[in-house]
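Participant: Could you work out the structure for the sequence below:
(chains A and B)
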Amino acid sequence: MPTLPRGLSATDFAAAVGKFTTALGADRVFTADDDVALYRDAYSPLWNTDDELLASAAVVPDTVEHVQAVVRIANEHRVPLYPISTGKNLGYGGSAPNLSGSVVVDLKRMNRVLEVDERRGFALVEPGVSYFDLYRHVRERGLKVWIDCPDPGWGSLVGNALDHGVGYTWGPFRDHFGSHCGMEVVLPNGEVMRTGMGALPGAKSWQEYRYGFGPSVDGLFGQGNFGIVTKMGFWLMPEPEAYRSGLVLVPRRRDLIALVDQVNYLEHASLIGQPNYGSPLQRLVGTEPELRAMLEKPGGPTDDELDRFAAAKSQAVWQCELQFYGPARTIAGNWDYAKERIGAAIPGARFEDRESYRFPLSEQDKEGVPHKVALGIPNMAIFSIGARSETNPTPRDGHLWFAPVIPKSGEAVLEAQRVLGDVYRELGLGGGAFLQTPATWHFRTFIMLVGFSVSRTDPTVNQRSLANFRRVVEVAAQHGWGEYRAPPVFADDIMNTYSFNDHVLRRFCETLKDAADPNGIIAAGRGGIWPRYLREG
Amino acid sequence: MTRVQWQTLLLVTSGWAASSAAQDAATIEGGRVLYAYWCATCHGPGIGNNGVQHLPGTDALRVKYQGALPALLSERTDMTPELIKFYVRQGITIMPFFRKTEIDDVELDAIAAYLTRKNR
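Facilitator: Got it, this is the predicted structure:
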């Protein structure tokens, strides 16, 4: 018998499982230990501890009606449910629930691509559709649209968007929740609701106008627990004629301020796609003791020290890859304009041409693209980071992503490097923060992403990562930086930092939760929102 | 080939063709398709992240075995079906395990049949 959450009796659990089996069929209900164990979070920092977040069973709906049946049975017996789409949110919880003992609603088999409209630029999909699946659907039909995918292509469009996941192409498409349009949701009482224009029977623009009329409630289902999303629309980017990229290199540390300003202008004016910042000095950390010592001393290197070191090694301190999408002639002109603009603003800036493609690419050409997600090609290459390799001969078993949101300015990056550099040193994590550049998935903000290791065999690694993660959450919040997304084990820690006016945001969500889901059956704890019966006592 | 298509192929072949060889061939072909979908994106040929020379699963096995065994799983001749099923259901380092809604037991048998087809 699995561990059941507070308030759920073994009798009710058994009765619910029996009804799930009747409603869905025995092959769509998993209760055997070996089967349920496959719903563990493979990257759990609580692995094999009493606190590990574990499912009690799993059900596998094939239709919206199945989902409704599951929700109604769960309500009847007060069984907590936890929906997953493809269950691949690794580093952010995988397929495990926030509340141990929940029954996972595994939507992987609801994997139909319901519509792709090439001319109007949208898709409508079920939660089990992966980026690989939609890409194949588009490619097999020769449609001239691109999808924007996150790093691992096996993830769900719906699940990724609902966890505020992100991608790599053109600004408006990289925010996957931001580029959704229209949802179908099974509410906690089992009713089916459609949002936006979907609320109007016969509407022909469900995937084109997001708001419909009245309050827009879609946001409640992102990192929320107000229903189970069974369909979701997404806007798609038209296949461009061409792509090119160019590298900008700037010689001094404080050039980052002007560089970000210039790149912001180019991006916000829709002249470039995702900019990729980096530091050429990162390549030297392993071979240059002087640089390493500089990075690891309290406070890190001074501007002058870093600039002198870079100059002595004939290296730039920062670089930024600019990516252009559009007509070949237009993007060539935009790259020229970027060079003129940045060259005038930053003395000593240098420029290098990088990749150039015309579309459509052959399958062979696609294989040779080093950063496929920049072209909307789903793949799994990101696992090169973390898998066994020459530079990582003893890999860990996973990671936890710490992902604080910081302002989109060079000053903010330099401040975050200093603050996080100090705290990472305090935690024994080295001086890498002083050369860390921001992740730029979001159109309007930066993320200073750091991964903390997990191990399935060494609990001390996990204990250290749990403590370190909580410490950096605390320090970040003291500086006005909060996480955009987090593993379930930290959901409460992070929601606690969003505490304006005595935690009114959480209290408001709790009010909504109690009204919409009085039995607290949907994804208890997700987003740091708990139902009343688990908040009390 | 989708899940339904390849399972249909398997059923049709097993129903219409009396020979077990035909059935085996269908299973192996189904396994090849499933392997391409679920496994080869990490364990196949091709370049890794930002132009790294190998895909991550291939690179991991290349480094692990240092040439003593092929880095590509599809070229191995030493694996048993049990070993393959163990890793698919248990995972290893950053490769997670796979649920039965992703790869069910029949499909896992087919993947194992494909990866052991060259065994001596």
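Participant: Spell out which parts of chain B neighbour chain A.
Facilitator: Chain B has residues B:37, B:41-42, B:46-52, B:55-57, B:59-61, B:63-64, B:89, B:91, B:93-102 near chain A, with proximity defined as Cβ under 8 Å from any Cβ of the partner chain. Heads up, the C-betas are built off the backbone N, CA and C, glycines and all.
Participant: How about residue 52, nearest residue that isn't a chain neighbour?
Facilitator: With no chain named, the answer covers chain A. Closest residue to residue A:52 apart from its sequence neighbours, by Cβ to Cβ, 6 or more residues apart in numbering or on different chains: residue A:46 at 4.2 Å.
Participant: was after chain B, sorry
Facilitator: According to Cβ to Cβ, 6+ apart, the nearest residue to residue B:52 is residue A:384 (4.7 Å).
Participant: hang on, isn't that neighbour packed against residue B:56?
Facilitator: Yes - counting by Cβ atoms under 8 Å, residue B:56 is a contact partner of residue A:384 at 4.5 Å.
Participant: Common neighbours of those two, please.
Facilitator: Each of B:48, B:49 lies in contact with both residue A:384 and residue B:56 under the rule Cβ atoms under 8 Å, 6 or more residues apart in numbering or on different chains.
Participant: Taking the centroid of chain A, which residue is nearest it?
Facilitator: When Cα atoms, centre = their mean is applied to chain A, the residue found nearest the centroid is residue A:165 (3.1 Å).
Participant: Report all helices and strands that the helix ranked longest in chain B contacts.
Facilitator: What stands out as the longest helix in chain B, according to DSSP state H, is helix B:20-38. Contacts defined by 3 or more Cβ pairs under 8 Å, 6 or more residues apart in numbering or on different chains; DSSP states H and E place helix B:20-38 against helix B:3-16, helix B:105-115.
Participant: Could you tell me the least trusted of these?
Facilitator: Lowest mean pLDDT within these: helix B:3-16, a mean of 52.
Participant: who's sitting farthest from the centroid in chain A?
Facilitator: Farthest-from-centroid check, chain A (Cα atoms, centre = their mean): residue A:312, 38.9 Å.
Participant: low-confidence ranges in chain B?
Facilitator: B:1-18 (pLDDT under 70).
Participant: show me the contacts for the residue lying closest to residue A:447 once chain neighbours are set aside.
Facilitator: Spatially, and ignoring its direct neighbours in sequence, residue A:447 is nearest to residue A:439 (4.2 Å; Cβ to Cβ, 6+ apart). Taking Cβ under 8 Å, 6+ apart, we find residue A:439 in contact with A:403, A:446, A:447, A:448, A:449.
Participant: And residue A:439, what's its pLDDT?
Facilitator: 97.
Participant: Backbone dihedrals for the residue farthest from the centre of chain A, please?
Facilitator: phi -60, psi -30 (degrees, to the nearest 10).
Participant: what's the next secondary structure element after the longest helix anywhere in chain A?
Facilitator: Secondary structure of chain A per DSSP H: the longest helix is helix A:459-478. Sequence order places helix A:491-497 as the next helix or strand after helix A:459-478, per DSSP states H and E.
Participant: contacting residues for residue A:409?
Facilitator: A:257, A:260, A:261, A:264.
Participant: 7 Å instead?
Facilitator: residue A:260 (Cβ atoms under 7 Å, 6 or more residues apart in numbering or on different chains).
Participant: repeat for residue A:1
Facilitator: Counted by Cβ under 7 Å, 6+ apart, residue A:1 has contacts residue A:10.
Participant: leaving aside the residues next to it on the chain, what's closest to residue A:326?
Facilitator: Per Cβ to Cβ, 6+ apart, closest to residue A:326 is residue A:240, 5.2 Å.
Participant: ok, the one you found to chain B distance?
Facilitator: 21 Å (Cβ to the nearest Cβ, to the nearest Å).
Participant: Run a quick neighbour tally on that residue.
Facilitator: 23 (other Cβ atoms under 10 Å in any protein chain shown).
Participant: Test my guess that it contacts residue A:358.
Facilitator: No - taking contact to mean Cβ atoms under 7 Å, the distance of 9.5 Å between residue A:240 and residue A:358 leaves them out of contact.
Participant: related to what we said a few turns ago, contacting residues for the residue nearest to residue A:326?
Facilitator: A:325, A:326, A:359.
Participant: Neighbours of the residue of the stretch 201-350 of chain A found nearest chain B, how many?
Facilitator: Here the stretch 201-350 of chain A gets closest to chain B at one residue, residue A:276, 9.8 Å apart by Cβ to the nearest Cβ. Residue A:276 has 21 neighbouring residues, counting by other Cβ under 10 Å.
Participant: The residue lying closest to it once chain neighbours are set aside: how many residues sit nearby?
Facilitator: Excluding the flanking residues, the one nearest residue A:276 by Cβ to Cβ, 6+ apart is residue A:321, at 4.1 Å. Residue A:321: 20 surrounding residues under other Cβ under 10 Å.
Participant: Residue A:364 now?
Facilitator: 7.
Participant: same check, this time on residue A:191
Facilitator: Counted with other Cβ under 10 Å, residue A:191 comes out at 12.
Participant: distance of it from residue A:67?
Facilitator: 11 Å (Cβ to Cβ, to the nearest Å).
Participant: And residue A:187, by the same measure?
Facilitator: Residue A:187 is 10 Å from residue A:67, by Cβ to Cβ.
Participant: more neighbours, these two?
Facilitator: residue A:67 (28 against 16).
Participant: Let's verify the more buried one: helix, strand, or coil?
Facilitator: Look at residue A:67: counting by DSSP: H, G, I helix; E, B strand; the rest coil, its state is helix.
Participant: need the contact list for it.
Facilitator: Per Cβ under 7 Å, 6+ apart, neighbours of residue A:67: A:61, A:105, A:186, A:228, A:230.
Participant: can you give me the strands for the stretch 51-200 of chain A?
Facilitator: A:57-59, A:81-84, A:103-106, A:113-117, A:122-125, A:145-146, A:180-186, A:192-194 (DSSP state E, counting those that start in this stretch).
Participant: Can you list the buried residues in the third one?
Facilitator: Right, strand A:103-106. A:103, A:104, A:105, A:106 (16 or more other Cβ atoms under 10 Å in any protein chain shown).
Participant: which residues does the last one bridge with?
Facilitator: Spelled out, it's residue A:106. residue A:84 (DSSP bridges).
Participant: right, and it touches residue A:228 too?
Facilitator: No - if you go by Cβ under 7 Å, residue A:106 and residue A:228 don't touch, sitting 11.3 Å apart.
Participant: Identify the contacts common to those two.
Facilitator: Counting by Cβ under 7 Å, 6+ apart, nothing touches both residue A:106 and residue A:228.
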